[in-house]
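**Q** Generate coordinates for the sequence data below:
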Amino acid sequence: MTALLYIISVIWIAAGVFLIIYTERYREFSKKMFPTEKLKVWAVVPLFFGVVLVLGAFFEREVFWLAFILGVLALLKGVFLIVGPPAQVKKLLDWWFENASDRIIRLSGLIIFFLGSAIFTSL
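**A** The predicted model follows:
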């Protein structure tokens with residue numbers, strides 16, 4: 001379980017750096033990679049991360065609350081993508097992919113980088 005937490009934290013660190021440095025490339029990549037028509041398929045990703053983080057929280061006491069809270073949030077995101085009103089989900093994702101400012105995306109990249117670093121250094 002520790003290895004999976006390390007992998008998740010490294011993925012988050014890399015994703016955060018990518019969001020901060022290559023904001024426009026991120027927009028182009030995410031539009032191609034995550035089409036709004038196949039959201040139920042992509043909802044498996046946050047569900048997987050959520051399950052791993054929640055289970056990892058019980059195996060690694062040093063990061064219990066951080067991993068547990070992030071895991072629950074990831075599970076909620078995955079459930080929202082699956083059962084949420086399709087119009088609302090599409091509107092939210094269209095805002096994120098099209099209308100969110102570069103500052104918002106970079107701030108989210110900084111937060112993702114920080115959370116990945118926090119998990120990595122706490123293990």
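
**Q** Please count neighbours and contacts with C-alpha atoms only from this point.
**A** Will do.

**Q** Which residues does the worst-scoring helix or strand of the chain on mean pLDDT contact?
**A** Using mean pLDDT, DSSP states H and E, helix 39-42 stands out as the lowest-scoring helix or strand of the chain, at a mean of 82. Defining contact as CA atoms under 8 Å, 6 or more residues apart in numbering, one finds that helix 39-42 is touched by Phe34, Leu81, Ile82.

**Q** And stretch 50-67, by the same measure?
**A** 1-2, 4-5, 68-75, 119, 122-123.

**Q** correct me, but Ala74 touches Phe49?
**A** Yes: using CA atoms under 8 Å, Ala74 is in contact with Phe49, at 6.6 Å.

**Q** Pull out the buried positions in stretch 100-108.
**A** Ile105, Arg106 (16 or more other CA atoms under 10 Å).

**Q** if you average pLDDT over stretch 103-116, what comes out?
**A** Mean pLDDT, taken over the full extent of stretch 103-116, equals 95.

**Q** For the residue in the chain sticking out farthest from the centre, give me the pLDDT.
**A** Centroid-distance maximum for the chain: Arg61 at 22.0 Å, with CA atoms, centre = their mean. We have a pLDDT of 86 for Arg61.
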